[in-house]
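Enquirer: model this:
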Amino acid sequence: MARYQKWCFLFAVILVLAVPSSRGNRIVNDDLLKAQATCSQYLGISESRVAQYNISIYPSDRDTMCMIRCVGILLGFWDDEKGLLIDNSREFFPNSGDVAKFSQKALQCVERKLASYDPSDACTRAYFSFRCGMHQSEPCSTPAPIEKLTAEQFIRAQVTCARILRIPPDHLKLYKQGIYPDDAETRCLFRCFGIRTDLYSDSEGPNLERLHAQFAEDQPIEEFKARARQCMEANRPMINDKCTDAYRNLYLCFKEHFNAFTLRNRQVLINTATAMPTLPAGLVEQREAPTELLLYSDDD
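Expert: Numbers count the residues shown, from 1 in each chain. Below you'll find the predicted structure:
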């Protein structure tokens, strides 16, 4: 009975939103606000979160993802079977410009974003497809060149994470040699390291553009990305927490590149790690909580 009532509610909402406005069938801001309010009410999302949606802030949490799916169905730019409906989404993103260029870039973005997610998860697929449409409709600008990490920055990020996570000294000796065992401490170290260096995020996984610029500029980027996605897809059944996700998808998928970087810069890494002062234990404890809050903030 409850399921029947939910479907009746959604059907009624679709009928209301299908009535043409005086401005025609073109999706306008009022339609978006109305759909967001309706879907948020149906999903039990708080008013404070709806206020964020109304100024185009869409955090990557489960409620928001399912809200976007609901809105996409109501406004016609999302279908669980077909995915992002490009023609309808262009109406939703008025600054999309050239049709062919927008379509190509949006679909490439969707393919890249969804590579490491469960294809049966409609909410996640709808959310990242929507974000791709938003991104592609933003005013174009020449992207700034990606700045590579130096060996000093690499080891400083690693040592900082080791302090925050209180990694045992015997592990640090292994890390200096480029050895990263598959254990709880090292898995979480790689998550912390990836987030601090912008090589990885919990919501989007490895930053393939940045990793390519850092490690494999001479390799065609599409070839680099294809190999990475294949590795991430193979990892999916073995991932059950955020630290394992980072270790497998950031370190193991790019292990040869990390090893080559360590080998080229081994002496610099050792010297920098040795020169960095050790914080007193009490000071580490005092700083640990706020540092972790900053470290693991992963809003889009």
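
Enquirer: low pLDDT regions in the stretch 101-250 of the chain?
Expert: Judged by pLDDT under 70, the stretch 101-250 of the chain has its weakly predicted residues at 102, 135-144.

Enquirer: please redo it, this time with the cut-off set to 50
Expert: 139-142 (pLDDT under 50).

Enquirer: ranges for the strands of it?
Expert: Ranges of strands in the stretch 101-250 of the chain, per DSSP state E, counting those that start in this stretch, are 200-201, 205-206.

Enquirer: any idea which of those is most buried?
Expert: Stretch with highest mean neighbour count among these: strand 205-206 (a mean of 24; mean count of other Cβ atoms under 10 Å). The C-beta positions use only the backbone N, C-alpha and C, and glycine is treated the same way.

Enquirer: So which other helices or strands are in contact with that one?
Expert: helix 221-235 (3 or more Cβ pairs under 8 Å, 6 or more residues apart in numbering; DSSP states H and E).

Enquirer: name the helices or strands packed onto the helix it packs on?
Expert: Using 3+ Cβ pairs under 8 Å, 6+ apart, helix 221-235 sits against strand 205-206, helix 208-215.

Enquirer: Select, out of these, the one closest to Ser103.
Expert: For these, the distance to Ser103 is smallest for helix 208-215, at 20.8 Å, taking Cβ to Cβ.

Enquirer: got the angle for that closest one vs helix 221-235?
Expert: Interaxial angle of helix 208-215 relative to helix 221-235 (axes from the mean of the first three to the mean of the last three Cα atoms, to 10 degrees): 110 degrees.

Enquirer: Would you mind splitting this structure into its domains for me?
Expert: Domain segmentation of the chain under automatic domain parsing yields 28-136, 151-295.

Enquirer: Turn the ones you listed into TSV, including distance to Pro145.
Expert: Output for these, formatted as TSV (distance: least, Cβ to Cβ, whole Å):
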stretch	distance to Pro145
domain 28-136	19
domain 151-295	8
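
Enquirer: Now for Tyr247: which residues touch it?
Expert: Under the criterion of Cβ atoms under 8 Å, 6 or more residues apart in numbering, the neighbours of Tyr247 are 180, 182, 186-187, 190-191.

Enquirer: separation between it and Asn259?
Expert: According to Cβ to Cβ, to the nearest Å, Tyr247 stands 15 Å off from Asn259.

Enquirer: Also Cys253?
Expert: 13 Å.

Enquirer: Asp80 and Thr124 touch, don't they?
Expert: No. Applying Cβ atoms under 8 Å as the test, Asp80 and Thr124 come out as separate, 11.7 Å apart.

Enquirer: between these two, who's got more neighbours?
Expert: For Asp80 versus Thr124, neighbours defined as other Cβ atoms under 10 Å are more numerous around Thr124 (21 against 13).

Enquirer: Just give the nearest non-adjacent residue to the residue nearest in space to the middle of the chain, would you?
Expert: Compute the mean C-alpha point of the chain, and by Cα atoms, centre = their mean the closest residue is Glu204, 2.0 Å away. In space, and not counting its chain neighbours, Glu204 is closest to Lys113: 6.7 Å by Cβ to Cβ, 6 or more residues apart in numbering.
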